[in-house]
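Enquirer: prediction below, plus the sequence it came from.
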Amino acid sequence: MTERIPVQHIESIDAAKPIRLTPAQAGGPIHTRSFIGRYRNLRLLGAGLLFALFFGTAWLNWGGRQAVLWDLGGRQFHIFSATYWPQDFILLSAILIIAAFGLFFITVLAGRVWCGYACPQSVWTWIFMRVEQITEGDRSQRIKLDAAPWSLQKVLRRGAKHGLWLAVSLITALAFVGYFTPIRQLSSDLLTLEVGAGTAFWLLFFTTATYLNAGWLREKVCRDMCPYSRFQSVMFDSDTLIISYDAARGESRGPRKKDADHKAEGLGDCVDCTLCVQVCPTGIDIRDGLQLDCIGCGACIDACDSVMDKLGYERGLVRYSSERELAGGRTRWLRPNLIGYAAMLLVMIGAFAWALAERPLLSLDVTRDRGLFRENDAGQIENIYSLKIINKTQQARRYSISLAEPGDFELHGPQSLRLAAGEIRDLPVSVALTSERKTLGAQTLRFEVADQNAPDNRITTKSTFLAPPR
């Protein structure tokens, strides 16, 4: 992957040509130009779906409660009809592994398109830039506003921009926190200023984080803070689709008249209009080669295609392409690393689906009392246990409690138990030794809990029984 050309080396390329620094090289604020195009439409479609999913899901109800809710106090995670518990944490790990392999696969296939089209940092940055265009005007107007002295008009425009930024940030924080605290009650408490201190802290935290990341840091997050931008190049190969400038077709660059024969003048298709730089959210010049700052959003492709259309040239001077294709070859779609990631992704998805389908709806944890043993009123050696039983279903259930293959042991305590939907119960029981054997030592017990209405829904957990030698 080509690194950005250092500023101090630009003069050595051609001393006769004036130095033109990109916004990223100049280090100033990046003012993007508005544009239209197919990749912009694709990005808007993707962002719209993600927005509907993020902001809409929190308001859905299911069975008298919020459809998706991470109840940290109750240690429950509700997703529509299913309820997950800390014991199901392995499923969350599986989701993260699937997401990692999915990211690896898409990176090998098409570079950093996740960043350009679906990453929350990029999506919210585009929204904040749109707010800038509404309140302060397009690129040239914003540049003039930056250079202008402070006036009432400038204060009003800047105030409107930051006010809308804060509004978007607060709505974002409200939606996010609403997945951990019921959002309807949270919204009501926020309107009446009755939000608890802990909830208020997290609302303020996520509002500030959104405001700073999307409003002020922007491309610095993608370039300097995100680890993905650092290791993505390791995953690229010569067949990875990346945003590329076709130098063989575009050089030499330069202005020309629309109907002129630019080939006869020794010019390529690039008119050096710099629109590709002006629309770039990270302020780079893609004609310098692929850079760490490039997020693969396709904005430069849309800008360049619009110029090619006006001049009557073929589209694709800047396009998604591979190094092999630019060198005159053909992109290979079936290659070992891509197939490997796809296979692992399918295996992990299959394993996750199987684990989800086979997930037990009953949980049993057994804890033996810290004391070694005791003698009960009948003169039997007895151990004390605590059974933690969780009903993971959405209906009330009655369970039977027993010892699997009890042998010389006898369970003392409740033999059945009714649990409400999602209820957790700690049940103290004891197990007595009925045998008069002279020696015993440690023995293994198996506690069993079974659903009385669905005998197949049962679970067995091992524990240890201790007694003195006789």
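Expert: Received, thanks. Numbers count the residues shown, from 1 in each chain.

Enquirer: all strands of the stretch 1-150 of the chain, in order?
Expert: With DSSP state E, counting those that start in this stretch as the criterion, the stretch 1-150 of the chain has strands at 61-62, 65-66, 68-71, 76-79, 82-84.

Enquirer: can you flag the weakest of those strands by average pLDDT?
Expert: If those are sorted by mean pLDDT, strand 82-84 sits at the bottom with a mean of 85.

Enquirer: in its sheet, what does it sit against?
Expert: Sheet pairing for strand 82-84, assigned by DSSP bridges, gives strand 76-79 (antiparallel).

Enquirer: C-alpha coordinates for the strand it pairs with, CSV please?
Expert: Provided in CSV are the C-alpha atoms of strand 76-79 (Å, rounded to 0.1, in the frame of the first residue of the first chain):
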residue,chain,number,x,y,z
GLN,A,76,-30.6,-10.7,31.6
PHE,A,77,-30.3,-9.9,27.9
HIS,A,78,-33.7,-9.9,26.1
ILE,A,79,-33.8,-10.3,22.3
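
Enquirer: what's that strand in contact with?
Expert: For strand 76-79, contacts defined as CB atoms under 8 Å, 6 or more residues apart in numbering pick out 62, 65-71, 83-85, 88, 422. C-betas here are computed from N, CA, C, even on glycine.

Enquirer: buried ones in stretch 334-349?
Expert: Buried residues in stretch 334-349, counting neighbours by 16 or more other CB atoms under 10 Å, are found at 338, 341-342, 344-345, 348.

Enquirer: which one of those is nearest residue 308?
Expert: residue 338 (30.5 Å; CB to CB).

Enquirer: please identify the helix or strand for the closest one.
Expert: Assigning secondary structure by DSSP states H and E places residue 338 in helix 336-357.

Enquirer: what about that helix, distance to the chain center?
Expert: For helix 336-357, the distance from its own C-alpha centre to the chain's C-alpha centre is 19 Å (CA atoms, centre = their mean, to the nearest Å).

Enquirer: show me the shaky parts of the chain.
Expert: Scanning the chain for pLDDT under 70 picks out 1-20, 436-440, 470.

Enquirer: break it into its domains for me.
Expert: Domain assignment for the chain, taken from automatic domain parsing, gives 1-359, 362-465.

Enquirer: any quick ChimeraX command for the buried ones out of the contacts of strand 76-79?
Expert: Buried residues within these, by 16+ other CB under 10 Å, are selected in ChimeraX with:
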select :66,68,69,71,83,84,88,422
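
Enquirer: picking up where we left off before, dump the buried residues of stretch 334-349 to a markdown table, plus distance to residue 235.
Expert: Formatted as a markdown table, the buried residues of stretch 334-349 follow (distance: CB to CB, whole Å):
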| residue | distance to residue 235 |
| --- | --- |
| 338 | 10 |
| 341 | 9 |
| 342 | 14 |
| 344 | 14 |
| 345 | 14 |
| 348 | 18 |
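
Enquirer: for stretch 54-64, buried residues please.
Expert: 55, 57-58.

Enquirer: one step back: residues in contact with the helix holding residue 338?
Expert: Here helix 336-357 makes contact (CB under 8 Å, 6+ apart) with 90-91, 94-95, 97-98, 101-102, 104-105, 108-109, 237, 239.
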